[in-house]
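> Sequence first, then the predicted structure, then my questions.
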Amino acid sequence: MADRIGILMATYNGAAFLHEQLASIAAQTHRDWHLYVRDDGSSDATPDLVATFAKTHPEQVTWIEDDLGSLGARGNFARLMEVVETPYIAFADQDDIWHPEKLALTYAVLRQLEINAGGDTPCMVHADRRIVDAEGHLQAASFWASRGLSPASFPTPEAYYAFCLAAGSTMLINQALRTRSLPVPDAARMHDCWIELVAHAVGQVGWIDTAVLDYRHHGANASGSGQMQSRRIWARAARLWRQRGLQRDVYRIYFDQAAAFHTQIGATLPTAARQRLEEFLSIPGRSLPGRFRAIRQSQSSPPGLLRRLVFAWLSGGVSRR
């Protein structure tokens with residue numbers, strides 16, 4: 001029980017790929033796991049597949065039932081976080097394929113973090129992932145490399161106010177971080193973005209620079225993006241220009257999330273960190289030179305020169321809720 005990992009799976013019409021994901025969970029070399037599933041109103045065979053899996057693993061599956069209706073991916077995972085009580089928590093998308101050592105690798109790193117920082121310290125570990133297509137054919141050996149990213153791209157905790165890196169599907173967190181992350185606010189971009197923000201602000205974060213699962217990109221994913229980006233800066237700039245309206249909407253969500261973070265966590269931050277957060281929140285109301293100054297002073301911007309420039313340019317048109 002001391003090293004038990006609760007695996008939270010939010011399902012919705014996932015029958016096409018769910019069998020492979022459940023099989024990959026059953027094949028984990030870390031054997032002390034318990035799967036918690038909450039369905040968001042599937043109209044396909046998803047509940048039947050989970051029920052069949054539960055029959056073959058009767059002591060390791062819990063079906064969460066409530067009268068809350070459809071909550072969406074973020075709300076579904078947030079609800080699962082509220083009920084799980086295992087010492088460690090992982091998150092499973094319904095259409096991925098976990099590598100057999102996924103839980104074992106992330107658990108080993110997380111335990112070392114806890115030993116170094118103390119068991120009451122909120123801790124999180126995350127890792128890279130491969131990208132595969134709907135049939136499981138490899139598209140990219142590294143999601144991070146396909147996006148031109150790595151954990152080293154984020155020099156400060158404040159950088160996560162403007163960009164998410166960790167995927168919930170690769171995360172392992174401890175109970176202390178779960179407690180600090182609840183409740184997951186409606187303004188959160190997604191449960192994993194919120195957890196990552198909290199972990200970097202009040203806890204310890206580790207990562208594994210290797211893929212621990214196959215992320216299936218099939219065009220109907222509830223979260224995440226498998227789109228590989230051109231490494232040519234002009235091609236990327238042209239794409240961002242075409243999608244500038246959508247990108248502004250993304251920035252609005254980040255600012256809304258940061259405002260919720262200020263409300264929920266801000267009072268517990270050291271004074272300097274709280275001031276940087278408030279500087280970040282002031283960015284949309286400033287002139288372009290003022291936005292550049294606020295970005296520098298808050299230490300908050302997406303990684304990479306092009307992303308920083310686009311953020312400074314487009315954040316001026318952001319209208320927060």
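Yep, it's here. Numbers count the residues shown, from 1 in each chain.
> drop to CA atoms for contacts and neighbour counts, all remaining ones
Fine.
> Any regions of the stretch 151-300 of the chain where pLDDT drops low?
Across the stretch 151-300 of the chain, residues meeting the criterion (pLDDT under 70) sit at 219-234, 236-237, 240-241.
> Give me the buried positions along the helix or strand harbouring Leu246.
Secondary structure from DSSP states H and E places Leu246 in helix 244-264. Judged by neighbour count using 16 or more other Cα atoms under 10 Å, the buried positions of helix 244-264 are 247-262, 264.
> centre of the chain versus it, how much separation?
Here helix 244-264 is found 15 Å from its chain centre; the criterion is Cα atoms, centre = their mean, to the nearest Å.
> What residues sit buried inside the helix or strand that it is followed by?
Next in sequence after helix 244-264, counting helices and strands by DSSP H and E, comes helix 271-281. Within helix 271-281, the residues scored as buried using 16+ other Cα under 10 Å are 273-274, 276-281.
> Am I right that Gly69 is in contact with Gly41?
Yes: counting by Cα atoms under 8 Å, Gly69 does reach Gly41; the two are 7.2 Å apart.
> Comparing these two, which residue is more hemmed in?
Between Gly69 and Gly41, Gly41 has the larger neighbour count (other Cα atoms under 10 Å), namely 15 against 11.
> now that one: how far from Asp66?
11 Å (Cα to Cα, to the nearest Å).
> What of Leu177?
From Leu177 to Asp66 the distance is 25 Å (Cα to Cα).
> next one: His57
The gap separating His57 from Asp66 is 22 Å, by Cα to Cα.
> can you give me the helices in the chain?
Ranges of helices in the chain, per DSSP state H, are 15-26, 46-56, 72-83, 102-117, 143-147, 175-181, 191-202, 233-242, 244-264, 271-281, 288-298, 305-314.
> dump the residue contacts of the residue nearest to Leu103 when sequence neighbours are not counted.
Using Cα to Cα, 6 or more residues apart in numbering and skipping residues adjacent in sequence, the residue nearest Leu103 is His30, 5.9 Å away. Contact analysis of His30 by Cα atoms under 8 Å, 6 or more residues apart in numbering lists 101, 103-104.
> One more: Ile173?
88-90, 110, 122-125.
> Between those residues, which sits nearest His137?
Nearest to His137, judged by Cα to Cα, of those is Ala90 at 25.0 Å.
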